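# Got a predicted model here, sequence first, then my questions.
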Amino acid sequence: MKILCACNAFKGTLTAAAASRALAVGLRRGGAAGARAFPGIADGGDGLAEVIRDCRGGTFLRRRVAGPLGSPVSARFLMLPGRRAVIEMSEAAGLRRLGGRRKDPMRATTRGVGELMRAAALAGAREIFVGLGGSASNDAGAGCAAACGFRLLDAGGRPVPDGAAGLAALARIEAGPGAGLFRGVRITGLADVINPLCGPEGSARVYGPQKGASPAQVREMEKALARWARAARPLLGVDAAVLPRGAAAGGLGAGLAALFGAKLIDGAAWVLENSGFARALASCGALVTGEGRFDRQTLYGKAPAAAARLAAAAGKPVFVFCGQYEPLPLRDLRELGVRKVYPLSRLFPGLDTSRRCGGLLGKAAAAAAREIGAAVD
């Protein structure tokens, strides 16, 4: 019986396709001859555009845009047939774009994301899908909006500085002439989380510390995002602070919804539907999936959980390989259909699992092949 290997990207280490291949090769080496690699899965974070290109074709275009701290970076977006484009916000404003520099969540900006959106629209895209995940920023998409022709002004009518810190002085948001480029362009945000922008489960309190924010900065950020939500309310018509999925990518989800009329959807479900995952799963007896870190956040919109739920609904056992594992309650693992988790950090203590991830994934899969194969037979 076939075993489907379909992984999310191992951030900063392996692409989704490379991780899937490493597991399939390892399983076959261990005796599971039916193991096959799917091009990969994604949820809006790193690897989204590559997964869609591998499954649906398309052409990558490159542009020089602002990185998360303002320095220019070379970023790409995917043009698909039918005048559609796929953009990963992390290409311009992701943590991986810091290049070893110190995290600065109060200053980090999404300006480069807006520049990619402009480039896609100028290239003829009439529908733009924006992957929301892996961000270094927490500016509610303020930089993105500014790059697309919106004016974010303080009480004196002056543009506020980039980053979450600049939102502390925000008084109003206006659509400038440049924003007209997006009339008639449908924008969809592919979110990797379901959290709202503000509050105990919001962007600042839940994700700010991951981006380097201190407790004091988290409090400042929460106030700044709430101020942005008040300024955006006349444009959105509802309270952006409580919009589901608004926290995605440091609040870029809320920014796209409020200023561009974007629809925010489950990114993992969209990728699975548009990649042919269900068809591939139907012909297999088990799913092997994984990502860099498998923990509670995986349950709330991440691709491995979405793929596992589909497999569990079809009665197929699920096995997870990951770099790091924060143990989940048994009831959550059962709900995902997960039989066993294989964390590289525990299987190979003392080794640099990020540097040697591909080889160690293959080695771990080879050792587990008999166990996984027995669950399928």
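Happy to help now that I have it.
# Surely S20 is within a helix?
Yes: counting by DSSP: H, G, I helix; E, B strand; the rest coil, S20 is part of a helix.
# Look up the closest residue to it, ignoring the ones flanking it.
Distance criterion CB to CB, 6 or more residues apart in numbering; nearest residue to S20, sequence neighbours excluded, is A37 at 4.2 Å. Backbone N, C-alpha and C define where each C-beta goes, glycine included.
# Next, the contact list for the one you found, please.
5-6, 17, 20-21, 23-25 (CB atoms under 8 Å, 6 or more residues apart in numbering).
# rerun that using 10 Å as the cut-off
By CB atoms under 10 Å, 6 or more residues apart in numbering, the residues touching A37 are 4-7, 17-25, 27-28, 288.
# for G178, same thing?
114, 118, 146-151.
# quick one: which of the contacts of A37 is nearest L80?
A17 (17.9 Å; CB to CB).
# what's the neighbour count on P244?
Counted with other CB atoms under 10 Å, residues neighbouring P244 total 16.
# what about it, is that helix, strand or coil?
With three-state DSSP as the criterion, P244 reads coil.
# Going by residue numbers, what spans are strands in the stretch 201-350 of the chain?
Using DSSP state E, counting those that start in this stretch, the strands of the stretch 201-350 of the chain run over 263-266, 286-294, 318-325, 338-343.
# Can you check which of the ones you listed gets nearest to I128?
Nearest to I128 among the strands of the stretch 201-350 of the chain is strand 263-266; the distance by CB to CB comes to 11.5 Å.
# Now the longest helix anywhere in the chain: buried residues?
Taking DSSP state H as the criterion, the chain has its longest helix at helix 215-236. Neighbour counts over helix 215-236 (16 or more other CB atoms under 10 Å) mark 217-218, 220-222, 224-229, 231-232, 235-236 as buried.
# cool, stretch 130-143 as well?
By neighbour count on 16+ other CB under 10 Å, the buried set for stretch 130-143 is 130-143.
# Okay, now the unreliable bits of this protein?
Applying pLDDT under 70 to the chain flags residues 1, 377.
# neighbour-wise, which of the contacts of G178 leads?
Top of the contacts of G178 by neighbour count (other CB under 10 Å): G114, with 29 neighbours.
# tell me which element it is part of?
Per DSSP states H and E, G114 falls inside helix 111-122.
# if we can go back for a sec, which single one of the contacts of G178 is nearest to R245?
Among the contacts of G178, and counting by CB to CB, the member closest to R245 is G114, at 19.2 Å.
# In contact with the closest one: list those residues for me.
Counting by CB under 10 Å, 6+ apart, G114 has contacts 65-66, 89, 92-93, 141-150, 178, 252, 255, 260.
# for the nearest residue to it once chain neighbours are set aside, what are its contacts?
In space, and not counting its chain neighbours, G114 is closest to A147: 2.9 Å by CB to CB, 6+ apart. Residues near A147 by CB under 10 Å, 6+ apart: 65-66, 92, 109-118, 141, 162, 178.
# What of G184?
121, 126.
# can you check the one 10 residues further on too?
Under the criterion of CB under 10 Å, 6+ apart, the neighbours of I194 are 201, 244-248, 253, 264, 266, 300-301.
# ok, G57 - how many residues close by?
Around G57 there are 10 other residues, counting by other CB under 10 Å.
# Surely it touches R84?
No: at 11.5 Å, G57 does not count as touching R84 under the criterion of CB atoms under 10 Å.
# who touches both of those two?
Here G57 and R84 share the contacting residues L78, scored by CB under 10 Å, 6+ apart.
# Take the contacts of G178 and keep only those in strands.
150-151 (DSSP state E).
# which two in the contacts of G178 are spaced the farthest apart?
Most distant of the contacts of G178, by CB to CB, are R118 and R151, 15.5 Å apart.
# hmm, back to that, want to throw the strands of the stretch 201-350 of the chain into CSV with distance to G157 and mean neighbour count?
Below are the strands of the stretch 201-350 of the chain laid out as CSV (distance: least, CB to CB, whole Å; neighbours: other CB atoms under 10 Å):
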stretch, distance to G157, mean neighbour count
strand 263-266, 31, 17
strand 286-294, 44, 26
strand 318-325, 48, 23
strand 338-343, 54, 18
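# Can you say which of these is nearest to A33?
Nearest of those (CB to CB): strand 286-294, 13.5 Å.
# Tabulate the CA atom coordinates of the closest one in PDB.
Extracted in PDB, the C-alpha atoms of strand 286-294 (Å, rounded to 0.1, in the frame of the first residue of the first chain):
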ATOM      1  CA  ALA A 286      -1.200   6.500   5.200                       C
ATOM      2  CA  LEU A 287       0.000  10.100   5.400                       C
ATOM      3  CA  VAL A 288       3.500  11.100   6.600                       C
ATOM      4  CA  THR A 289       3.700  14.900   7.200                       C
ATOM      5  CA  GLY A 290       5.700  17.300   9.100                       C
ATOM      6  CA  GLU A 291       7.200  20.800   9.700                       C
ATOM      7  CA  GLY A 292      10.100  22.400  11.600                       C
ATOM      8  CA  ARG A 293       8.200  22.800  14.900                       C
ATOM      9  CA  PHE A 294       5.100  20.700  15.700                       C
END
